[in-house]
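Participant: Sequence unavailable; structure follows:
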């Protein structure tokens, strides 16, 4: 949407989400904001704030690289200005979704994800069995200059088959957490994103 304000974008994305659509919104952030967040991610990684991602029941997660090979860093305090600005934008989106469909979304939960070359994440859904807090999944890519040869696509599945989405810097992908099976394909260079959920209380 040319000339759209952040509020316009929030309304547009919320309307599409509330229709059950998979949303792919390019240039959700401009190139400067993407570079700033990518820098924040690398600094957190260099400080040792990332941990190998684990899967499995709450309280008993396991590291299984054949299923999930990324490392993550939850967006906890202290936060930088670019991180706070992104959280403000996602807060606008949360409120717009509640206005659009009264979803009862209560908060935003976010983490950085780093996929080293060759790492992947097997087919899954984001809403764990028996836990419905995660309602809307959000993925914001932090990869300036990404090319098709770099791989690392998000593959999502629907009734017509599978469709691949490249992790281009500034691109936002959003979808219903319980509805969309997806996987991350291996990349040929390090792949960064901010991923998370708009959540209800229970």
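Facilitator: Okay, I see it. Computed from a predicted model, the values in this text were never measured in an experiment. Numbers count the residues shown, from 1 in each chain.

Participant: ok, longest helix in the protein?
Facilitator: The residue-count maximum for a helix in the chain (DSSP state H) belongs to helix 81-101.

Participant: Spell out which residues sit in contact with residue 185, please.
Facilitator: Going by Cβ atoms under 8 Å, 6 or more residues apart in numbering, residue 185 touches 120, 151, 152, 153, 154, 155, 164. Bear in mind the C-beta positions are built from the backbone N, C-alpha and C, glycine included.

Participant: Does the last one touch residue 151 like I think?
Facilitator: This points to residue 164. No. At 9.8 Å, residue 164 and residue 151 do not qualify as touching, with contact defined as Cβ atoms under 8 Å.

Participant: These two: which has the busier surroundings?
Facilitator: residue 151 (21 against 13; other Cβ atoms under 10 Å).

Participant: and that one, what are its bridge partners?
Facilitator: residue 187 (DSSP bridges).

Participant: ok, it - contacts?
Facilitator: By Cβ under 8 Å, 6+ apart, the residues touching residue 151 are 185, 186, 187, 188.

Participant: circling back: buried sites along the longest helix of the chain?
Facilitator: Buried residues in helix 81-101, counted by 16 or more other Cβ atoms under 10 Å: 82-83, 86-87, 89-90, 92-94, 96-98, 100.

Participant: What of stretch 154-162?
Facilitator: By 16+ other Cβ under 10 Å, the buried positions in stretch 154-162 come out as 154, 155, 156.

Participant: Repeat that for stretch 174-190.
Facilitator: Within stretch 174-190, the residues scored as buried using 16+ other Cβ under 10 Å are 174, 175, 176, 177, 180, 182, 183, 184, 186, 187.

Participant: Which of those residues fall in strands?
Facilitator: Counting by DSSP state E, the buried residues of stretch 174-190 place 174, 175, 176, 182, 183, 184 in strands.

Participant: who does the strand or helix carrying residue 162 pair up with?
Facilitator: If you go by DSSP states H and E, residue 162 is part of strand 161-165. Applying DSSP bridges, strand 161-165 is found paired with strand 154-158 (antiparallel).

Participant: Name the spans of this protein whose pLDDT lies under the cut-off.
Facilitator: Confidence mapping of the chain against pLDDT under 70 gives the ranges 1-2, 57-60.

Participant: between the contacts of residue 151, which is nearest residue 49?
Facilitator: Using Cβ to Cβ, residue 187 comes nearest to residue 49 of these, at 21.3 Å.

Participant: Number of residues surrounding residue 78?
Facilitator: Residue 78 - counted by other Cβ under 10 Å - has 6 other residues nearby.

Participant: tell me, what residue is most central in this protein?
Facilitator: Residue closest to the mean C-alpha point of the chain, counted by Cα atoms, centre = their mean, is residue 139 at 1.9 Å.

Participant: contacting residues for that one?
Facilitator: Under the criterion of Cβ under 8 Å, 6+ apart, the contact list for residue 139 reads 154, 172, 173, 174, 193, 194, 195.
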